[in-house]
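Asker: what's the 3D shape of this:
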Amino acid sequence: MSNCYQTISEENAKKENKGIILITLLWVLVGLSLLAFNLAATVTMEADLSRSVGDAEQAYFYARGGIEAVLYLIAYPDKDIKKQEALFPFANGQNHYLMSNEKMICHLTLQDETGKLDLNFIEEETLERLLLGLGVAESPKALIIESLLKRRKPSQEVGSLNSKQIKRFRSVEELLSINGVSRELIYGVPKKLKEDKVGFQPGLIKFLTVYSGSPQVNINYAAPEVLAALPGMTEGRAQQIVQARKKEVLMAEDVTALVSSEALSLTRTKSSKTYSIIATAWLRGSSTRRSIKVVARSHTSAKGGHRRLVWYDEYWPSEAETSLASVSELKLTGLQR
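Answerer: Numbering: from 1, shown residues only. Take a look at the predicted model:
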């Protein structure tokens, strides 16, 4: 009897061992399957990343080519003024130029630098209104204004014997030396929009310049935030100007009806020879885009008919600077080249 029980126990032990081995084998197979799926996902992700990097690189050079083309067309304009204007139609506060072929699309916008507030001329009240409009808190706002005016004070000493030592802002980035100014305030920050989309909160670099050389602001190219920051102006008046210039350039006679009396001396409609060009390019069938920006000044004696004052290989444009809606609204022939 004992031998019988011993035989049964051995058989049960063998069955248990087989069950353990089977379960272990199943877990090994599950692990291998997960590893295979993970490897496949990694390979796919790496392939997509590689493709995206390649698309971005191509888009960058398309954008760069677009800027070179526009710089040439501005430096050596068509003698027929109407034809030249048709090359760069005006809409929504900027001039447009579109290049496209079977592989890519490149949308370029041109903005006069006088559409921004010049750091070397901006008044205290205007600066305060601009910072307030951008949501800067009271404490850092007061510190920024005080530090900036102190930094700029020597440039206001007319007839100084030490005029060669006068310090002026040579770039907007010099604001980083001002107390209270952060990189986020200068360059802007991403922000979450509706439907989990990501937008961008622009920084001071979109509204300030050091290249206009004038206290006056061109209302044809100024952002609403800049217009609203001028003395006596409101957001409502700024939006009236935005609507008025939607499809056509405003003339000098339009200024009085649109601009407050306090801001009349600080506004203009005549363009300068210094401008920003923002190029955004992407490949057809790809969602990857690249945007670059250059600030240039027309100069007949310079090589290529212009001088490049600053170049940004990486630039995050606003929706208005990338949207082709502005172009399609123009309904002009000959825009695509």
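
Asker: give me the neighbour count for residue 152.
Answerer: Neighbours of residue 152 under the rule other CB atoms under 10 Å: 18. Yep, even glycine has a C-beta here, placed from its N, CA and C like the rest.

Asker: typo on my end, residue 171
Answerer: 15.

Asker: now it: how far from residue 187?
Answerer: 13 Å (CB to CB, to the nearest Å).

Asker: and if you look at residue 231?
Answerer: 27 Å.

Asker: ditto for residue 72
Answerer: Going from residue 72 to residue 187 by CB to CB gives 29 Å.

Asker: got any ranges where the stretch 1-150 of the chain has weak pLDDT?
Answerer: Scanning the stretch 1-150 of the chain for pLDDT under 70 picks out 1-19, 39-52.

Asker: show me the strands in it, by range?
Answerer: Per DSSP state E, counting those that start in this stretch, the stretch 1-150 of the chain carries strands over the ranges 90-91, 94-100, 104-112, 117-118.

Asker: need those in a markdown table with mean neighbour count, can you?
Answerer: As requested, these are exported to a markdown table (neighbours: other CB atoms under 10 Å):
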| stretch | mean neighbour count |
| --- | --- |
| strand 90-91 | 20 |
| strand 94-100 | 21 |
| strand 104-112 | 23 |
| strand 117-118 | 23 |
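
Asker: compare neighbour counts for residue 72 and residue 187 and give me the winner.
Answerer: More crowded of residue 72 and residue 187, by other CB under 10 Å: residue 187, with 17 against 13.

Asker: and the residue nearest to the more buried one when sequence neighbours are not counted, how far is that from residue 148?
Answerer: Nearest in space to residue 187, with sequence neighbours left out and distances taken as CB to CB, 6 or more residues apart in numbering, is residue 203 at 4.7 Å. As defined by CB to CB, residue 203 lies at a distance of 15 Å from residue 148.

Asker: equivalent analysis for residue 240, please.
Answerer: From residue 240 over to residue 148 the distance is 30 Å, taken as CB to CB.

Asker: these two: which has the busier surroundings?
Answerer: More neighbours surround residue 148 than the other of residue 240 and residue 148, with 21 against 15 (other CB under 10 Å).

Asker: was I right about the more buried one contacting residue 127?
Answerer: Yes. Using CB atoms under 8 Å, residue 148 is in contact with residue 127, at 6.9 Å.

Asker: and residue 240, what does it touch?
Answerer: residue 258 (CB atoms under 8 Å, 6 or more residues apart in numbering).

Asker: list the buried residues for the helix or strand hosting it?
Answerer: Using DSSP states H and E, the element containing residue 240 is helix 235-244. For helix 235-244, a neighbour-count test (16 or more other CB atoms under 10 Å) marks 237-238, 241-242 as buried.

Asker: ok, now stretch 246-260?
Answerer: 249-250, 254-255, 258-259.

Asker: just the CA trace of it, in CSV.
Answerer: The C-alpha trace of stretch 246-260 is given here as CSV (Å, rounded to 0.1, in the frame of the first residue of the first chain):
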residue,chain,number,x,y,z
LYS,A,246,-6.5,94.2,-43.1
LYS,A,247,-6.3,94.4,-46.9
GLU,A,248,-4.7,97.7,-47.7
VAL,A,249,-1.9,100.0,-46.5
LEU,A,250,-3.1,103.0,-44.4
MET,A,251,-2.1,106.4,-45.6
ALA,A,252,-1.1,109.5,-43.7
GLU,A,253,-4.6,111.0,-44.0
ASP,A,254,-6.0,107.9,-42.2
VAL,A,255,-3.9,108.5,-39.0
THR,A,256,-5.9,111.3,-37.5
ALA,A,257,-9.2,109.3,-37.5
LEU,A,258,-7.6,106.2,-36.0
VAL,A,259,-4.9,107.4,-33.6
SER,A,260,-5.4,109.3,-30.4
